[in-house]
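Peer 1: coordinates only, sequence not included:
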């Protein structure tokens, strides 16, 4: 019996770590949709008046690492203070460098009544697909 308790605790801890990882990546308990870079590009091309592109990286990343045309920069750390600058009547496509900060941003947006879409893989996957950047 003494051996089983540490094994059980280890299993519970491992499950908690896996669940936390999946939550951080937006794979579980996500109240927003995740799309890939090509889907986001098609949405922007086909319905430009219905979507808004939000970049939640730092200003340095935005200026130095390339960005998607017509995207608005609102770094994740100041997103909640700047929600009034975002359109409530459009789908908001959110990206960052690799897709982690954009998951957090999408959660914030949905919690405040926005329709948010996380772009999986962020600007890295956008560039890997050969999609246009500035």
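Peer 2: Perfect, I can see it now. Since we're looking at a predicted model, the values are computed, not measured. Residues are numbered from 1 along each chain as shown.
Peer 1: separation between the residue nearest the centre of the chain and residue 7?
Peer 2: Centroid-nearest residue in the chain, with Cα atoms, centre = their mean: residue 102, separated by 2.2 Å. Note on residue 102: its distance to residue 7, by Cβ to Cβ, to the nearest Å, is 37 Å. To be clear about C-beta, it is placed using only N, CA and C from the backbone, and glycine gets the same treatment.
Peer 1: Equivalent analysis for residue 96, please.
Peer 2: Going from residue 96 to residue 7 by Cβ to Cβ gives 38 Å.
Peer 1: what about these two, which has more around it?
Peer 2: residue 96 (25 against 9; other Cβ atoms under 10 Å).
Peer 1: Please tell me how far that one sits from residue 13.
Peer 2: For residue 96 relative to residue 13 (Cβ to Cβ), the value is 29 Å.
Peer 1: related to what we said a few turns ago, can you tell me the element the residue nearest to the centre of the chain falls in?
Peer 2: Residue 102 belongs to helix 100-111 when elements are defined using DSSP states H and E.
Peer 1: got the buried residues for that helix?
Peer 2: 101-110 (16 or more other Cβ atoms under 10 Å).
Peer 1: Tabulate those residues (JSON lines), appending pLDDT.
Peer 2: Below are those laid out as JSON lines (pLDDT from 0 to 100):
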{"residue": "101", "pLDDT": "93"}
{"residue": "102", "pLDDT": "95"}
{"residue": "103", "pLDDT": "92"}
{"residue": "104", "pLDDT": "92"}
{"residue": "105", "pLDDT": "96"}
{"residue": "106", "pLDDT": "95"}
{"residue": "107", "pLDDT": "92"}
{"residue": "108", "pLDDT": "94"}
{"residue": "109", "pLDDT": "97"}
{"residue": "110", "pLDDT": "94"}
